[in-house]
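Trainee: okay, here's the prediction I keep looking at, along with the sequence it came from:
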Amino acid sequence: QPQFVESGGGLVHPGGSLRLSCSAPSPFFDYWDIGWFRQAPGKEREPIICITGSGRITVYGDSVKGRFAISRDNAKNTAYLQMNSLSLEDTGIYYCAAANPEPETMTPLSGSWGQGTQVTVSS
């Protein structure tokens, strides 16, 4: 499995937007189902959204529905997480990983994680 690298986090005001990127130098990038996870302060890591190699998208959690969108550009070996209407509750470290999406949840294929990218929503 490739090592994914997250980027694009930062400090944003409530109501603002950010686009995170997830890249992996893998010749088989389009093979992987890619998931975004986040870990809020003091909480466990949770699944957010996944895009399969064929482009099927599954959103996990009502809190991000309608606000977060995932996409991928296989030619660039990159997946994206577009986050809109950010709220204080979106603060956390965001991780991407090769994932195993199921209807109700999503698990990473590997137990190892990248460094993630910090998103801080603050006024």
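Mentor: Alright, I've got the coordinates. Residues are numbered from 1 along each chain as shown.
Trainee: what's opposite the residue most central in space within the chain in the beta bridge?
Mentor: Note on the chain: the residue nearest the mean C-alpha position is Trp36, at 2.4 Å, using Cα atoms, centre = their mean. With DSSP bridges as the criterion, Trp36 is bridged to Ile49, Cys96.
Trainee: just checking, Pro47 touches Glu104?
Mentor: No - using Cβ atoms under 8 Å, Pro47 is not in contact with Glu104, being 9.7 Å away. Bear in mind the C-beta positions are built from the backbone N, C-alpha and C, glycine included.
Trainee: just to revisit the earlier point, pretty sure the residue nearest to the centre of the chain contacts Cys22?
Mentor: Yes - in this structure, Trp36 is within contact of Cys22 by Cβ under 8 Å, at 7.2 Å.
Trainee: what touches both of those two?
Mentor: Counting by Cβ atoms under 8 Å, 6 or more residues apart in numbering, the shared contacts of Trp36 and Cys22 are 79, 81, 96.
Trainee: for those, which one is nearest Val121?
Mentor: Using Cβ to Cβ, Leu81 comes nearest to Val121 of the shared contacts of Trp36 and Cys22, at 14.3 Å.
Trainee: who's that closest one bridged to?
Mentor: Leu20, Ile70.
Trainee: distance of Phe68 from Val121?
Mentor: Phe68 sits at a distance of 13 Å from Val121 (criterion: Cβ to Cβ, to the nearest Å).
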